[in-house]
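> can you look at this prediction? I've put the sequence above it.
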Amino acid sequence: MDFEKIFQDNKEESLHGRYITLDKIEPLLKKFNKNNNLDIIGKSVAGKPIYSYTIGTGKTKILLWSQMHGNEGTTTKALFDLLNVLNAETELAADLKSKFTFLAIPMLNPDGAEKYTRINANGVDLNRDFQDLTQPESRLLRGLYDDFKPDYCYNLHDQRTIFAAGAINKPATVSFLAPSFNEAREVSEVRIKAMDVIVAMNTTLQSFIPGQVGRFDDAFNLNCVGDTFTYLGSPTILFEAGHYQEDYQREMTRKFIFIALVSGLKYIYENDIVLNETEKYFNIPQNKPVFYDLIYKNIKIFYDNKQIITNFAIQFTEVLNEGKIEFVAFIVEIGELTQNFGHFEYDAKGASYSDGQDNIPKLGQKAEFYLSEKVKIVNGLPNV
């Protein structure tokens, strides 16, 4: 299967970048509504419609939801790329629709999406609300789950740039998890089904991003939706869209999530039995938070009348400004950083640090400075 071509043929060009909101996806959903298979299942705290979209007639039912966290739109882009596949007049579309019935909630948290926040309009993390069900968005997803009775659940998220696929100098571009259903993290047939699909997706992705697939921590928390649905008996797969080299808009990551989705579906309909790929699943390296966005090494500073050579790390904060996401760089760590990597690293080779103030880098300050008065650093990057 030519995954690259399938992606290019079906990429939803109207969705791009990090800021994905309800007004951007509503026209696409209405375009797909050819057979009255688009529903408004309820409203958000702020009164925005929450949509579900159903397609396919197959016996295997898959429930997918994206943007439970409003500032995690990469998987929403990939989900619409998949919906383009399903709405195309192709053999692949016919095959998938004959084997699966898909029920998608493309944006569970439209209020958070508009404000570019993880939480909903009441300040609640929906992914910690699946026992108390205090929020309307949580209750809508749980109600849909109870009615649909899915064979698989796909929980679609983004993760931060800090994660590596193990303790190595490679980002975790895509990470997966088959959530636990108890404190002991036991492996049941329900989890094995999810693990088998993850192993198949990882095998495919290694051809595209070798060494850049991670496994998310499986610590049990029944307040989380994935743990709840696994506990209730539904194989659940957490997708985490992470960083790819120089891809802060996550357009490359979007492609790899799409490839994972398609290859996983292909695996499910070709394998009716549980293969128990548990060992291969646990061999996927676990995510490690060892990355910073930028690291500056061998910087000369003067502190306490002493000359010191040090290193410091910089992390971007994502800020919504007039409908666009800006990446603002702040100094977040100073020290040896021997166990860390930077997506961008700069060896100053003993150049002196100056910032027009007291010429000592401080935690929490914006990354605007000079190196030996020759190299100007603007928003964390050399201005060359």
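Thanks, I have the structure now.

> so the closest residue to Glu345 other than its chain neighbours: helix, strand or coil?
Nearest residue to Glu345, sequence neighbours excluded (Cβ to Cβ, 6 or more residues apart in numbering): Ile295, at 4.9 Å. Where C-beta positions appear, they are placed from N, C-alpha and C, glycine not excepted. Following DSSP: H, G, I helix; E, B strand; the rest coil, we place Ile295 in the strand state.

> measure Ile295 to Asn109 for me?
Distance of Ile295 to Asn109, given as Cβ to Cβ, to the nearest Å: 33 Å.

> name the residue in those two with the higher neighbour count.
Between Ile295 and Asn109, Asn109 has the larger neighbour count (other Cβ atoms under 10 Å), namely 34 against 20.

> just checking, that one touches Leu126?
Yes. With contact defined as Cβ atoms under 8 Å, Asn109 reaches Leu126; the gap is 6.0 Å.

> overlap of the contact sets of those two?
68-69, 120, 137 (Cβ atoms under 8 Å, 6 or more residues apart in numbering).

> can I get these in CSV including secondary structure, neighbour count and distance to Gly242?
Shown next, in CSV, are those (DSSP: H, G, I helix; E, B strand; the rest coil; neighbours: other Cβ atoms under 10 Å; distance: Cβ to Cβ, whole Å):
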residue, secondary structure, neighbour count, distance to Gly242
Met68, coil, 25, 17
His69, coil, 21, 14
Asn120, coil, 27, 23
Glu137, helix, 29, 24
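
> looking at the residues you listed, which is nearest Leu265?
Leu265 lies nearest to Met68 out of these, by Cβ to Cβ, at 21.0 Å.

> what distance do you get for that closest one to Ser138?
Distance from Met68 to Ser138, by Cβ to Cβ: 9 Å.

> need the overlap of contacts for those two.
Common contact partners of Met68 and Ser138 (Cβ under 8 Å, 6+ apart): 126, 225.

> pLDDT of stretch 212-227, averaged?
Stretch 212-227 comes out with an average pLDDT of 97.

> wait, stretch 1-17
On average, stretch 1-17 scores 97.

> what about it, start to end distance?
End-to-end distance of stretch 1-17 (Cα to Cα, to the nearest Å): 27 Å.

> identify the residues contacting that stretch?
By Cβ under 8 Å, 6+ apart, stretch 1-17 touches 24-25, 27-28, 76-77, 80-85, 88, 92, 204, 208, 249, 251, 255, 258-259, 262-263, 266, 324-325.

> which of these are buried?
Using 16 or more other Cβ atoms under 10 Å as the burial test, the contacts of stretch 1-17 include 24-25, 28, 76-77, 80-85, 92, 204, 208, 249, 251, 255, 258-259, 262-263, 266, 325 as buried.

> which of those residues fall in strands?
Those of the buried ones among the contacts of stretch 1-17 mapping onto strands are Ile325, per DSSP state E.

> about what we covered before: quick one: which of the shared contacts of Asn109 and Leu126 is nearest to His343?
Closest to His343 out of the shared contacts of Asn109 and Leu126 is His69 (21.7 Å), distances taken as Cβ to Cβ.

> now for the shared contacts of Asn109 and Leu126: which two are most distant?
His69 and Glu137 (11.0 Å).

> now the common contact residues for those two.
109, 126.

> list the buried residues in the strand or helix carrying Lys288.
Secondary structure assignment for Lys288, by DSSP states H and E: strand 287-289. By 16+ other Cβ under 10 Å, the buried positions in strand 287-289 come out as 287-288.

> for that strand, give me every contacting residue.
Looking at what lies outside strand 287-289 - Cβ under 8 Å, 6+ apart - the contacts are 159-160, 162-167, 172, 175, 214-217, 240.

> pull out the buried residues from those residues.
By 16+ other Cβ under 10 Å, these give 159-160, 162-166, 172, 175, 214-216, 240 as buried.

> restricted to strands, list those residues.
163-165, 175, 214-215, 240.

> which parts of stretch 313-322 are buried?
313-316.

> swap in stretch 272-279?
Glu277.

> what about it, distance to the chain center?
In terms of Cα atoms, centre = their mean, to the nearest Å, the centre of stretch 272-279 is set 25 Å apart from its chain centre.

> endpoints of that stretch, how far apart?
Per Cα to Cα, the first residue of stretch 272-279 is 20 Å away from its last.

> what's next to that stretch, contact-wise?
Applying Cβ under 8 Å, 6+ apart, the contact partners of stretch 272-279 are 187, 189, 192-193, 195-196, 199-200.

> by neighbour count, which of those wins?
Most neighbours among the contacts of stretch 272-279, by other Cβ under 10 Å: Met195, with 27 neighbours.

> what about stretch 254-264, average pLDDT?
98.

> dump that stretch to CSV, restricted to CA.
C-alpha atoms of stretch 254-264 as CSV (Å, rounded to 0.1, in the frame of the first residue of the first chain):
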residue,chain,number,x,y,z
ARG,A,254,0.0,14.8,10.7
LYS,A,255,1.0,12.6,7.8
PHE,A,256,2.5,10.0,10.2
ILE,A,257,-0.7,9.9,12.3
PHE,A,258,-2.7,9.4,9.1
ILE,A,259,-0.4,6.6,8.0
ALA,A,260,-0.8,5.0,11.5
LEU,A,261,-4.6,5.3,11.2
VAL,A,262,-4.8,3.7,7.8
SER,A,263,-2.2,0.9,8.5
GLY,A,264,-3.9,0.1,11.8
